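>>> Please find the sequence and the predicted model below.
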Number of protein chains: 2
Amino acid sequence: MNQREQSGGRATPVVAVVLAAGFGTRFDPDDPKQLVSVGGRPIVCWSIEAFERNARVSDIIVVVNPRVRAAVESLVDAAGYPKVRMILNGGAERVDSTEAALAALAAAGVPRDAKILIHDAVRPFVAQSSIDGCIDALDRFAAATVAYASTDTVLLTEDLGDVQVVRSVPERAHTFRAQTPQAFRFATIRHAYDLAAGDPDFHPTDDTRVVVDYLPDEPVAIVAGGESNLKVTTREDMPTAERIAARLLAER
Amino acid sequence: MNQREQSGGRATPVVAVVLAAGFGTRFDPDDPKQLVSVGGRPIVCWSIEAFERNARVSDIIVVVNPRVRAAVESLVDAAGYPKVRMILNGGAERVDSTEAALAALAAAGVPRDAKILIHDAVRPFVAQSSIDGCIDALDRFAAATVAYASTDTVLLTEDLGDVQVVRSVPERAHTFRAQTPQAFRFATIRHAYDLAAGDPDFHPTDDTRVVVDYLPDEPVAIVAGGESNLKVTTREDMPTAERIAARLLAER
């Protein structure tokens, strides 16, 4: 019995794609945020370990940029993470990194029904329940995303000359802040990206948006995230990150 | 020369309504959050002082609940805030507190063109630039709200049986998180509330929503807020609040 999801007697790979290719210019240009330590451990290691610890995840690939590649390779070597299959170079934008990962998965012969969980490395504290929620959701839906109910009222705006004005105020119960992982059956995310590739205006900041925009009939399920699934974006986030890390380490 | 806005040779009152009537059940039932100290000062005092310090604000009214009334009264007396004109009892819901304030302003003979800035007391660190931005915006628009550009992708969802699915993903450049103050010409906010009063389904969590829903042709301008205009909601927010308070106190 291996760790893969059993489906019709056949193992369905569950692949985590950890995107660690951001340059994080808002953080510190001389100290890439995915390598910064929190709770005594580099942020990228927290993210990889979240998927190492989940018995249902079969494989991990890590997407890097040339600047952090050597550092990430030596962290992975030192830790000996058994599920990490490849460390890939990503691209200038997030979308390029996802595309690089999808191409590598195709080249590796990953089946169409594989469950792909795309995760931002700078969200080091993703809960096991969110990872499990993604894997479960893909039994009913071809796409799912971890998201966190917005505690603030969200305003949708439009430009009115030099100012923005409110266009609408969606009901708070139906406004979520996207987190990661964002999870897809492999065929679905590839199809969405193939359709998007023909669109010169394609600059998504989010993989879910690619499915919503290019496969509008494909429902994307919401999986419960949480406030501790923090995205480390600026130095200002570090005290909160240290507090969450200390709590998680104490709980283990 | 008094501190009121000059407009056509006549002084336009600028009234800050500080809503301190929340019961804050998510915080600590035995220690109402508007009275908790941050940086050595109760949260409600930070909020009142933000408007005391702005020379363009002419009057302040504070809306309380019976449980905190005596405490707020003695804080106001001790500080001797010169602009605080009244301390009013609010209601069970936020909307009731705003309505109580509007009724009191009408009874006090506040003119139709007065600029009313409605502020949550539990946002103690509102920037002077945001207060000024509201007052300025009301020269061009009848309504404005402080808001902060969302750094997260926002997902709008719909119910699909037992799960929520993504309905749309608005462009990030047009998604804002509402903060306060929310600012209105007096006649405009009264008109919106009068229309809303006839609607049995009226449970807004936000004054801007009342204008957007009941006066849809009235544009509401966005005024730049910021991450430090934090809403203190739970005990988890206190370390961040203390950090912001320490920075602001050091800057003064």
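Noted; the coordinates are in hand.
>>> Strands of chain A, start to end?
For chain A, the strands defined by DSSP state E occupy A:5-7, A:10-12, A:14-20, A:37-38, A:41-42, A:59-64, A:84-89, A:115-120, A:143-149, A:154-160, A:163-168, A:175-185, A:220-224.
>>> got CSV for those strands, with mean pLDDT and mean neighbour count too?
(Glycine included, C-beta is placed from N, CA and C.) Shown next, in CSV, are these (pLDDT from 0 to 100; neighbours: other Cβ atoms under 10 Å in any protein chain shown):
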stretch, mean pLDDT, mean neighbour count
strand A:5-7, 57, 14
strand A:10-12, 81, 15
strand A:14-20, 97, 27
strand A:37-38, 96, 18
strand A:41-42, 96, 19
strand A:59-64, 98, 25
strand A:84-89, 96, 17
strand A:115-120, 98, 26
strand A:143-149, 97, 26
strand A:154-160, 95, 19
strand A:163-168, 95, 19
strand A:175-185, 97, 27
strand A:220-224, 97, 24
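>>> any chance of those in CSV, plus distance to B:Leu88?
What follows is the strands of chain A, written out as CSV (distance: least, Cβ to Cβ, whole Å):
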stretch, distance to B:Leu88
strand A:5-7, 59
strand A:10-12, 61
strand A:14-20, 52
strand A:37-38, 46
strand A:41-42, 52
strand A:59-64, 57
strand A:84-89, 61
strand A:115-120, 46
strand A:143-149, 32
strand A:154-160, 28
strand A:163-168, 28
strand A:175-185, 31
strand A:220-224, 39
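>>> quick one: is stretch A:106-119 near chain B?
No: if you take Cβ under 8 Å from any Cβ of the partner chain as the test, stretch A:106-119 misses chain B, and the best it gets is 13.3 Å.
>>> Touching that stretch from outside, list them.
Around stretch A:106-119, the neighbours that count as contacts under Cβ atoms under 8 Å, 6 or more residues apart in numbering or on different chains are A:5, A:7, A:12-19, A:47, A:50-51, A:57, A:85-86, A:98, A:101-102, A:105, A:126, A:131, A:134-135, A:138, A:180-187, A:189-190, A:207.
>>> what's the first-to-last distance across stretch A:82-96?
Its first and final residues considered, stretch A:82-96 spans 26 Å by Cα to Cα, to the nearest Å.
>>> Nearest to chain B: which residue in the stretch 1-150 of chain A?
A:Ala147 (5.5 Å; Cβ to the nearest Cβ).
>>> ok, the nearest residue in space to that residue that is not next to it in sequence - contacts?
Distances taken as Cβ to Cβ, 6 or more residues apart in numbering or on different chains place A:Phe176 nearest to A:Ala147, at 3.8 Å, with adjacent residues excluded. For A:Phe176, the contacting residues are A:Ala147, A:Tyr148, A:Ala149, A:Ser150, A:Ile222, B:Val154, B:Leu155, B:Leu156, B:Thr157, B:Gln164, by Cβ under 8 Å, 6+ apart.
>>> List the residues that contact the closest residue to A:Thr157 other than its chain neighbours.
Residue nearest to A:Thr157 in three dimensions, not counting chain neighbours: A:Gln164, with 4.2 Å by Cβ to Cβ, 6+ apart. Neighbouring residues of A:Gln164 by Cβ under 8 Å, 6+ apart: A:Thr157, A:Glu158, B:His174, B:Phe176, B:Ala221, B:Ile222.
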